[in-house]
Structures are given as C-alpha cells and as structure tokens.
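Structure, please.
(one chain, ligands or ions: 1)
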Amino acid sequence: MSLDTSSNRPAAGTASGVGDGTPLVSIRHVSKRFGNGTLAVRDVHLDLASGEFVSLLGPSGCGKSTLLRMIAGLAAPSEGSIDWPAEAGGKPGEGRGLGFVFQDPTLMPWADTLSNVMLPLKLRHVPLDEARDRAAEMLALVGLKGFEKSYPRELSGGMKMRVSIARALVLRPKILLMDEPFAALDEITRHRLNDDLLGLWWKERFTAVFVTHSVFESVYLSQRIVVMAARPGRVMADLDVSAPYPRDELFRTSGDYARLCRLASGKLKEAIGS
Ligand code: ADP
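Model prediction:
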C-alpha cells in the first residue's frame, strides 16, 4: 500500500553496490518461539533492499526487537530463514556488514569517546593510527568534533547516542539496525537526531532498519513502514512512504506529513485491534 505517490526512493541496490535488485536481506517465513513457549514472531516474510530506510512499527511486545536481533544473527529463527543473497557465503561479511544501535548507548564509562568509537576497529586489529583517524572522522560526522577526549559521564543523553551511532558506523556497515535508539530522549533532541540520522543515511547510503513505536518518527524517517501486531508478533501492513528527501522541519509541519501520519496511525490501530 502506498501512502503517497511522489516517489523519490533512491534506486534499491545503489547504496551497497548491488545494482541488480537483489535484496540485501531475505527474511523467509520466519517464526521465533522462545523456550517458555512464547511465539514472539510468526511467519514474517520480507525482503530488505540495499540502501532503503525501513521502520518496524508496532506496539510493545509485537516482536520488533526479536526480529531485529534475528536479522543481526543474535538470535536464531525457530522456523524459516534469513539470507543475505548478495553477500558471499550468504552472511553479512564477517561482522563488518552490520552495525547495531541499542536503546541504551552502552558506552564504556572508563573510556573517552574516541576510545569508545575505536573499539570495533581495535577488535579487528586495525592499526592504531588508522583506527584513531577513522574514529575521529566518524565522531565529526555525528557532530561531536572536539569531544574526542570527553568521557560518557560528561555527555548529554543525545551526545551519548551520537557516540553509539558513530561506533556502529565506524566499520561503514552495509546495514544499520537500530532498536528504539531515541526513545529515551526528549522531543527536541529526538528531532535533531532524526535529522542527523537521515543526513548520515543519505551520505553513507547504508540500509537502515529502525524499530520504533512512534508513528511520527517512522513516517518522518522512512521510505517504508512495516506495521506489526502482537500475540503473536506478525506483519500486518507494508507501507510505502514516498515523500521526498531531504525531509526537514518544513516536512514535519506539512499537511502531507499529517496525512501520512494519519494513514500510518490507522494501520497501527488496525494492527493493535486485530
Ligand atoms: P517488541 O520489541 O516489539 O517490544 P519483543 O521482540 O521484545 O517485542 O518481544 C516479543 C515477545 O516475545 C514478548 O511477548 C516478549 O515478552 C517475548 N520475549 C522476548 N524475548 C524473550 C525471551 N528471551 N524469552 C521469552 N520471551 C521473550
């Protein structure tokens, strides 16, 4: 279902070098049942195209995080499969292929911001000078130039989240998985981070999968919204949000945005009531 008609979706496949329309991730009839019997996800069947911005929208407990963790390889499906058809060996390139941002920034409190962002590079034995340069460059990209020597306790919630995003992007992953990263932030900070995330996505052209329960956030950010329902967690709608980018304050206050939010909200209500 399309929420708007003026399509300006960047051609799928251009961002990660897969130009033939092969999906980056193929989720095939995936279900997840936990050991206690909870069916967290039932029969999810989706393709994620290279370079697209997708939100997983749904109420608490509908399996958004479980699905995200399965895409990341942090949990295994009980049924079905998750494949990476464009990647050698069907896996996301030795861990370099994906970055993960959690709701909590999960920074090392004893290390400064530069060292926090350098961690994934150090773990991959990137030479120290190169790691330092790459981490500093990524910190500048997320707007934290000048804060390299600051410790997490000296940073605001929004700044900590920026460090967390820089750490997830420092390996220049093909896909960035985000699990309600801005949920704990105040609205103004959240709006700024939404804008900056879109700027990063536009520049770096990773595939973005963003978990949220906010209709407003999902419409503002995404090209596509996958609406999920709970008990059991399942996909109820796959919405195309083809409003043009760049999106900014003008879009956020436009009639178009309000209309798109109303439509997505209606789908979410249907999902909750189902
Ligand atoms: P969401 O991210 O949409 O809030 P989750 O994926 O966290 O939903 O959870 C989906 C369902 O699976 C919930 O009912 C939750 O209680 C259950 N669940 C999540 N993780 C586990 C687990 N490790 N063991 C048992 N049940 C779980």
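
State the phi and psi torsions of Ser26.
phi -120, psi 110 (degrees, to the nearest 10).

what do you get for Phe34?
According to degrees, to the nearest 10, Phe34 has phi -80, psi 170.

Likewise for Tyr245?
Main-chain dihedrals, Tyr245, degrees, to the nearest 10: phi -110, psi 160.

swap in the one 5 residues further on?
Its backbone dihedrals place Leu250 at phi -60, psi -40, with angles given as degrees, to the nearest 10.

List the contacts of it.
For Leu250, no contacting residues are found, by CB atoms under 8 Å, 6 or more residues apart in numbering. Backbone N, C-alpha and C define where each C-beta goes, glycine included.

okay, it: pLDDT?
At Leu250, the model reports a pLDDT of 93.

Check which helix or strand the residue located most distally from the centre of the chain maps to.
When distances to the mean C-alpha position of the chain are computed (CA atoms, centre = their mean), the maximum falls on Asp129, with 29.3 Å. Taking DSSP states H and E as the definition, one finds Asp129 inside helix 128-141.

picking up where we left off before, look up how far Ala135 lies from the residue farthest from the centre of the chain.
Computed with CB to CB, to the nearest Å, the distance linking Asp129 and Ala135 is 11 Å.

Quick one: neighbours of Glu130, just the number.
11 (other CB atoms under 10 Å).

Not counting residues beside it along the chain, what's closest to it?
Leu121 (7.6 Å; CB to CB, 6 or more residues apart in numbering).

Just list the residues touching the one you found, thanks.
Residues near Leu121 by CB under 8 Å, 6+ apart: 130-131, 134-135, 170-171.

Select from these the one having the most neighbours.
Counting by other CB under 10 Å, top hit in the contacts of Leu121: Ala135 with 25 neighbours.

What residues does the stretch 51-200 of the chain have near the ligand?
For the stretch 51-200 of the chain, the residues in contact with the ligand (CB under 6 Å from any ligand atom) are 58, 60-66.

5 Å instead, please
60-66 (CB under 5 Å from any ligand atom).

okay, the residues you listed in TSV with distance to Ser26 and neighbour count next?
Shown next, in TSV, are those (distance: CB to CB, whole Å; neighbours: other CB atoms under 10 Å):
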residue	distance to Ser26	neighbour count
Ser60	27	9
Gly61	26	16
Cys62	21	26
Gly63	18	28
Lys64	19	27
Ser65	20	21
Thr66	18	21
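
Of those, which belong to helices?
Counting by DSSP state H, these place 64-66 in helices.

With distance to Phe216 and pLDDT added, can I get those in a markdown table?
Listed next are these as a markdown table, based on distance: CB to CB, whole Å; pLDDT from 0 to 100:
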| residue | distance to Phe216 | pLDDT |
| --- | --- | --- |
| Lys64 | 16 | 95 |
| Ser65 | 20 | 95 |
| Thr66 | 24 | 96 |
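
Residue in the stretch 101-250 of the chain with the shortest distance to the ligand?
Nearest residue of the stretch 101-250 of the chain to the ligand: Gly233, at 5.4 Å (CB to the nearest ligand atom).
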